[in-house]
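A.B. asks: What would the 3D arrangement of this be:
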Amino acid sequence: MPIETTENDDARPLILTGGGRSSVRRQGLREAARLLRHASSGRRRMTTMMREPSMLVRESAAEQLEERQSDWAYSKPVVVLDFVWNLAFIAVAAAVLVLSSVEKPNTPLRAWTVGYGLQCVVHMVCVCVEYRRRSNRSPSKSFTKHLESANTMFSFIWWIIGFYWVSSGGQELAQGSPQLYWLCIVFLGFDVFFVVLCIALACVIGIAVCCCLPCIIAVLYAVVEQEGASKEDIDQLTKFKFRKVGEYEKHTVDEEDEQAKGDSGGVMTECGTDSPLQHTLPHEDAECCICLSAYADETELRELPCGHHFHCSCVDKWLYINATCPLCKYNILKNSNYEDGEEV
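C.D. replies: Coordinates of the predicted model:
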């Protein structure tokens, strides 16, 4: 099931200054999620075949990371840190403007510093409004979103202008107005550092989601509060043991069943019952879509009510975080969701 971009996914440039630094940090995981969605969209246009289940799982994980990242970005400790950080920039800018009152730079660096401080103020106002909205669980206000987007775009343009003025001032600016010159250099340098850091973080997370999703799930399992299914809910799900066909104890079956079993990858046998259910898995379906590992002999599997199966160790942590199937979004706590939803 494709994941659609939500209303809050505003497109923002990556190179930002002033108040936009926090937006860049929040954009990191969002950009990684978008990369996965765009890659899968391109795959749909190139082929009419069914999308690989592993890509669906990774899109679900990217969406989950995006939601968690948005919640963390507006948590109280992060908001307080953001305020302290921006207030420090404003205080430093104000102090340097006072101390450098006798300097006469050949480019308007003083105006650029004032504009930089105003960006920080606007960003703090937007963060405060959004934090209060989330705390009160009130509907999103389009004005605040538009204001933050406009401030982000202005930050991008203002960074380019500041870089041009610092570069065009040359050696004369460094000697005649050293305090303003080095203040602008520090501000510009901090912005570049944060942009590079956030791009690198987005790349690392994107690679981890694609290649090492169990690590991401383990981290989320360790650091987030339980918002999905409880241990009792997960234990109620059917558990199976997988056995490869070559090592499976064959029973007396007709020739057609024997041929079907010979073309399969293995057999899932229900655990803990006197009359266990058995499912024959095709070779291409005998792997976990979360860790991308083929099912080994005697591996314990968990089958969800929607029919999708995974390693117990992989899916249990996922369900603890989010009580929905990673493939079809079926909610194991609300059976009615599957009847109205889409199947893979």
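
A.B. asks: need the strands for the chain, in chain order.
C.D. replies: Remark: strands assigned in the chain by DSSP state E are 238-244, 264-270, 278-282, 299-303, 309-311.

A.B. asks: who does the last one touch, helix- and strand-wise?
C.D. replies: Based on contacts counted as 3 or more C-beta pairs under 8 Å, 6 or more residues apart in numbering; DSSP states H and E, the elements that strand 309-311 packs against are strand 299-303. Bear in mind the C-beta positions are built from the backbone N, C-alpha and C, glycine included.

A.B. asks: Show me where this protein has its helices.
C.D. replies: Ranges of helices within the chain are 20-46, 53-73, 76-99, 109-136, 142-176, 178-211, 213-223, 231-235, 255-262, 312-321, 336-340, based on DSSP state H.

A.B. asks: Let me see the mean pLDDT of the longest one.
C.D. replies: Looking at helix 142-176 alone, the average pLDDT works out to 88.

A.B. asks: Turn the helices of the chain into CSV, columns for mean neighbour count and distance to residue 304.
C.D. replies: Listed next are those as CSV, based on neighbours: other C-beta atoms under 10 Å; distance: least, C-beta to C-beta, whole Å:
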stretch, mean neighbour count, distance to residue 304
helix 20-46, 19, 22
helix 53-73, 20, 13
helix 76-99, 14, 34
helix 109-136, 18, 31
helix 142-176, 16, 36
helix 178-211, 17, 21
helix 213-223, 16, 16
helix 231-235, 13, 10
helix 255-262, 11, 24
helix 312-321, 21, 7
helix 336-340, 11, 9
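
A.B. asks: and those as CSV, adding distance to residue 270?
C.D. replies: CSV is the format used below for the helices of the chain (distance: least, C-beta to C-beta, whole Å):
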stretch, distance to residue 270
helix 20-46, 34
helix 53-73, 22
helix 76-99, 46
helix 109-136, 44
helix 142-176, 50
helix 178-211, 32
helix 213-223, 25
helix 231-235, 14
helix 255-262, 17
helix 312-321, 13
helix 336-340, 20
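
A.B. asks: quick one: residue 103 and residue 182 touch, right?
C.D. replies: No: contact criterion C-beta atoms under 8 Å: residue 103 and residue 182 do not qualify, at 11.3 Å.

A.B. asks: what's the closest of the helices of the chain to residue 306?
C.D. replies: Closest approach to residue 306 among the helices of the chain (C-beta to C-beta): helix 336-340, 5.5 Å.

A.B. asks: what ranges of the stretch 201-344 of the chain fall below the confidence cut-off?
C.D. replies: Within the stretch 201-344 of the chain, the segments meeting pLDDT under 70 span 219, 221-227, 246-264, 335-344.
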